[in-house]
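Visitor: coords below, sequence missing:
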């Protein structure tokens with residue numbers, strides 16, 4: 001299960017994730033993350049807080065990668081999460 005909390009600020013939207021990033025919740029994550037483009041000014045930034053994430057599946061990695069490509073910023077997370085994010089960032093090169 002994945003809980004997604006939204007915190008709107010003046011210059012950015014923060015999505016706080018808790019739980020496991022895996023199918024079928026990866027589709028919901030993409031939907032909520034991309035909603036920012038439709039509902040808000042394009043210059044607004046999106047940050048995803050991964051502090052409460054406990055696991056990421058292959059589907060979850062693909063979802064996060066697609067968000068990285070779109071310019072989403074990430075913060076938080078333990079050693080495992082940081083290693084996954086490092087691998088995904090290397091794919092950009």
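Guide: Thanks, I have it. Because the structure is a prediction, the values reported are computed rather than measured.

Visitor: what ranges does this structure have for its helices?
Guide: 25-39, 58-69, 79-91 (DSSP state H).

Visitor: most tightly packed of these?
Guide: The highest mean neighbour count among the helices of the chain, using mean count of other C-beta atoms under 10 Å, belongs to helix 58-69: a mean of 17. Heads up, the C-betas are built off the backbone N, CA and C, glycines and all.

Visitor: show me what it is packed up against.
Guide: strand 12-21, helix 25-39, strand 45-56, helix 79-91 (3 or more C-beta pairs under 8 Å, 6 or more residues apart in numbering; DSSP states H and E).

Visitor: tabulate the ones you listed (a markdown table), appending mean pLDDT and distance to residue 70.
Guide: Output for those, formatted as a markdown table (pLDDT from 0 to 100; distance: least, C-beta to C-beta, whole Å):
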| stretch | mean pLDDT | distance to residue 70 |
| --- | --- | --- |
| strand 12-21 | 95 | 13 |
| helix 25-39 | 81 | 8 |
| strand 45-56 | 95 | 8 |
| helix 79-91 | 94 | 13 |
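
Visitor: turn the ones you listed into TSV, including distance to residue 72.
Guide: Below are the helices and strands packed on helix 58-69 laid out as TSV (distance: least, C-beta to C-beta, whole Å):
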stretch	distance to residue 72
strand 12-21	9
helix 25-39	7
strand 45-56	5
helix 79-91	11
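
Visitor: what about these, which gets the closest to residue 68?
Guide: When these are compared by C-beta to C-beta, helix 79-91 sits nearest residue 68, at 5.8 Å.

Visitor: give me the angle between that closest one and strand 12-21.
Guide: Orientation note: helix 79-91 sits at an angle of 110 degrees relative to strand 12-21 (axes from the mean of the first three to the mean of the last three C-alpha atoms, to 10 degrees).

Visitor: how far does helix 79-91 sit from the chain's center?
Guide: Counting by C-alpha atoms, centre = their mean, to the nearest Å, helix 79-91 is centred 13 Å from the centre of its parent chain.

Visitor: this completes my enquiry, with thanks.
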